[in-house]
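> I need the structure of the sequence given here:
(chains A, B and C)
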Amino acid sequence: MLANSDPFVELDDLTFGYGSGPPVLAGLSLVFPRGKVTAIIGGSGCGKTSLLRLIGGLHAPRSGRVIIDGEDVDRRDRSGLYLLRRRMGFLLQFGALFTDLSAFENVAFPIREHARLPEAMVRDLVLMKLNAVGLRGAAGLRIADLSGGMARRIALARAIALDPDLILYDEPFAGLDLVSTGMTARLIRKLNDATGATSILVSHDVPEALGISDHVVLLASQGRVVAQGSPDALLASDDPEIRQLLHGGSDGPFRFHYPAPTMAADFGCAP
Amino acid sequence: MTAAFQVLLQVVGRTALERLRAAGHAALFSVGMLAVLPASLRHPSLVLAQVYVFGNRSLTIIAASGLAVGCVLALQMYYALLPFGAVDNLGLVVNLALVRELGPVVSGLLFAGRAGTALTAEIGLMKAGEQLVAMELMAIDPRRRLFAPRMIGGLVAMPLLAILFSAIGIVGAYLVAVPLIGIDATSFWSIMQARVDVLRDIGSGILKAAVFGAICMVVALYQGAESEPTPQGVALATTRTVVVSSLWVLCMDFFLTAVLLSAP
Amino acid sequence: MNAKRIEILVGGFVLSGVLGLAFLAVQAADLGRLRGGDTYALTARFDNIGGLKPRAPVRAAGVTVGRVNAIAFDGGIFQGVVTLDIDENYRFPKDTAAKIMSSGLLGDQFVGLEAGGEEANLADGAVIAQTQSAVVLENLIAQFMAGQADRAAAPANAGAFE
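Down below sits the predicted model:
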């Protein structure tokens, strides 16, 4: 636990599941320190993405609260929710850029919607944001013409267009080559430091995530917190669960095989 | 016997409840759409772009169909009126059929097929690509920004398309009636002019077309927004759009006709 | 496609729609007739207006010269009072007759004006003195039946005098 950082985002005994299915998160309580980069790492299906979407107010929890800078995230209060979202930048997996608009127009979109600025100013802002992600020259390109890495960075530029206090990254490195991954990782760190925002990133890519974060949370199924702490502390740990999550290994406390009947039963051969 | 009967009751009951829930969901969506319509006034350029998408792009099929229907009508009505010796009324009959019924209804059905499916596919694919979620997360309501302009665009385009359908249809009928069949040109137009009322006949057609346009748009938006974010889901949604829109158009046509014709 | 071009195309679309509407209204409907023109009013009273409706045409020599404006019932004289709007350009003599006629067996009814011979014309708001009511089918049948009865009775009577 980081003693002297006040929380920017707090999860209080959060329980959540899709529809009437089994819970994806069960009684999860977490604190995300202000102004720091926090990475959430865990196996598939441990609820990382759901967690992020709950913070963004896309779903309502079955019980518990999500608190951002002292405000409850409440889906029933539409205008309050929208006010919170204006302080948030969300980088969805694969970017979710508006395919019918150009790169420039994608980044300009939130600016035009939320601020009444003259076009010249909008243009300057957009180019500045694109410059921050290194794609000022790509402003006129159509989304279909962008590579995966470039699209992800344009989406990042769009996410930070309004200088948010909270930036959420859902698998920012997924599907990227090594070079783009490195660029994106450095961007995330740079943005956080430059703007003083709080960043939360969810990732499978352990080395990159650990390399840029101040605080790490390891999750197992149903959002059970295996461990949390600084990257160095976790890397040095001997706990088998922590080791498997951080270093891979095909089988350990997290089983390879999905629960199934015995081989004999399925294949009809002698045990 | 009673056990099987119980099971049957349960299935029927569950299905009925599910249908009721779906109907309620759709109704809420429609009402919600009406509520956000005024928001489009803040984005006139968006509405204009949508009028282009739904109106201009439908022109070809509307014009071609209007011409075809008008010509066929002239032919059919000629043979229908012949035994009564009332062939001079051909212009009038064709006009009323087009302006009151066929213009709005056929345009509505074509609109559902052309514009409705395009809209459903667009929204469905945006949903699949998480673009709708992205917009929500930017504190921008997709209903105001995306859905409302499209709905207004369709509402504006439909009556214009129906008018063009009828007008081109009448011209087509004229071309068949006078040069081809040999009906007297003067009586073709004059009987029509004497008996077709602008408010009652043309006006009712325009009103119908506007209603049909609204129906097609709401259905298309709803199906797109509710579609499963998979290729099969979007395909299913586009099919549903055509079927549901067409059925609603035909249904509302009956009610509107009854109401409009009984009015003084 | 840039905004300018879209605006022009949409404008063209809307314009074509408006032109289509104008075509329908003027060429294919009754808007072009007698709307721009000025009219004056004439009144006619009928025992029975039959199936005459407001906005029915008023014709003289088969040409439409006006429209039926309103139909009312006068409780004092127990007759139907029909107000006609006649085109300014057409004036009729004071002894003009107004008859309610049908255009064909299945047709709608209209008011036919048969001009008289007088020098002076009907003024604005004047009353047409001579009117002929609509032919009512039931009366026609009754007359016919009565006529048949007479004819049947006549030879019997003639025979009685033999």
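
> can you give me the strands for the chain?
Using chain A here. Secondary structure of chain A (DSSP state E): strands at A:7-16, A:25-33, A:37-42, A:63-68, A:71-72, A:88-91, A:166-170, A:198-203, A:215-220, A:224-229.

> was after chain C, sorry
C:39-46, C:57-60, C:63-74, C:79-87, C:97-102, C:109-114, C:127-128, C:130-132.

> how about those in TSV, adding distance to residue A:100 and mean neighbour count?
Every residue, glycine included, has its C-beta placed from N, CA and C. What follows is those, written out as TSV (distance: least, Cβ to Cβ, whole Å; neighbours: other Cβ atoms under 10 Å in any protein chain shown):
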stretch	distance to residue A:100	mean neighbour count
strand C:39-46	56	20
strand C:57-60	56	20
strand C:63-74	54	16
strand C:79-87	56	20
strand C:97-102	62	19
strand C:109-114	59	20
strand C:127-128	69	17
strand C:130-132	71	16
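
> TSV for these, including distance to residue A:184?
Shown next, in TSV, are the strands of chain C (distance: least, Cβ to Cβ, whole Å):
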stretch	distance to residue A:184
strand C:39-46	80
strand C:57-60	80
strand C:63-74	78
strand C:79-87	80
strand C:97-102	86
strand C:109-114	83
strand C:127-128	93
strand C:130-132	94
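
> out of those, which is closest to residue B:144?
Proximity to residue B:144 (Cβ to Cβ) singles out strand C:63-74 among these, at 48.6 Å.

> output the contacting helices and strands for the closest one.
Packing partners of strand C:63-74 (3 or more Cβ pairs under 8 Å, 6 or more residues apart in numbering or on different chains; DSSP states H and E): strand C:39-46, strand C:57-60, strand C:79-87, strand C:109-114.

> and the last one, how far out from the chain's middle?
On the basis of Cα atoms, centre = their mean, to the nearest Å, strand C:109-114 sits 5 Å off its chain's mean C-alpha point.

> the closest residue to chain B within chain C: what's it in contact with?
Evaluated by Cβ to the nearest Cβ, chain C has residue C:17 as its residue closest to chain B, separated by 3.2 Å. The contact partners of residue C:17, by Cβ atoms under 8 Å, 6 or more residues apart in numbering or on different chains, come to B:159, B:160, B:161, B:163, B:164.

> list just the nearest of those to residue A:94.
Ranked by distance to residue A:94 (Cβ to Cβ), those are led by residue B:161 at 37.9 Å.

> report the buried residues of the one helix or strand that closest one maps to.
Assigned by DSSP states H and E, residue B:161 belongs to helix B:148-175. Buried residues in helix B:148-175, defined by neighbour count with 16 or more other Cβ atoms under 10 Å in any protein chain shown: B:148-174.

> is any part of it close to chain C?
Yes: contact between helix B:148-175 and chain C is present through B:156, B:157, B:159, B:160, B:161, B:163, B:164, B:166, B:167, B:168, B:170 (criterion: Cβ under 8 Å from any Cβ of the partner chain).

> roughly how far does the residue in the stretch 51-200 of chain A positioned nearest to chain C sit from residue A:168?
Going by Cβ to the nearest Cβ, chain C is nearest to residue A:100 of the stretch 51-200 of chain A, at 11.2 Å. Distance of residue A:100 to residue A:168, given as Cβ to Cβ, to the nearest Å: 25 Å.

> so, low pLDDT: which residues of chain B?
B:1, B:263-264 (pLDDT under 70).

> 90 - rerun?
Chain B contains residues with pLDDT under 90 at B:1-4, B:17-23, B:32, B:34-47, B:82-89, B:91-92, B:178-203, B:259-264.

> which stretches in it count as helices?
Here chain B has its helices, by DSSP state H, at B:2-36, B:44-54, B:59-81, B:90-96, B:103-111, B:117-128, B:131-137, B:142, B:148-175, B:185-195, B:204-226, B:231-262.

> follow-up on the earlier one: can I get the helices and strands packed on strand C:63-74 in CSV with distance to residue B:81 and mean pLDDT?
Output for the helices and strands packed on strand C:63-74, formatted as CSV (distance: least, Cβ to Cβ, whole Å; pLDDT from 0 to 100):
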stretch, distance to residue B:81, mean pLDDT
strand C:39-46, 32, 89
strand C:57-60, 21, 86
strand C:79-87, 31, 89
strand C:109-114, 21, 88
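
> kindly reformat these as JSON lines containing distance to residue A:115.
Shown next, in JSON lines, are the helices and strands packed on strand C:63-74 (distance: least, Cβ to Cβ, whole Å):
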{"stretch": "strand C:39-46", "distance to residue A:115": "60"}
{"stretch": "strand C:57-60", "distance to residue A:115": "64"}
{"stretch": "strand C:79-87", "distance to residue A:115": "61"}
{"stretch": "strand C:109-114", "distance to residue A:115": "67"}
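
> so residue A:199 makes contact with residue A:169?
Yes: using Cβ atoms under 8 Å, residue A:199 is in contact with residue A:169, at 6.9 Å.

> shared neighbours, the two?
residue A:188.

> who does the closest residue to residue C:119 other than its chain neighbours form a beta bridge with?
Excluding the flanking residues, the one nearest residue C:119 by Cβ to Cβ, 6 or more residues apart in numbering or on different chains is residue C:93, at 7.3 Å. Under DSSP bridges, the beta-bridge partners of residue C:93 are residue C:121.

> and what of residue A:218?
Residue A:218 forms beta bridges with residue A:41, residue A:227, as assigned by DSSP bridges.
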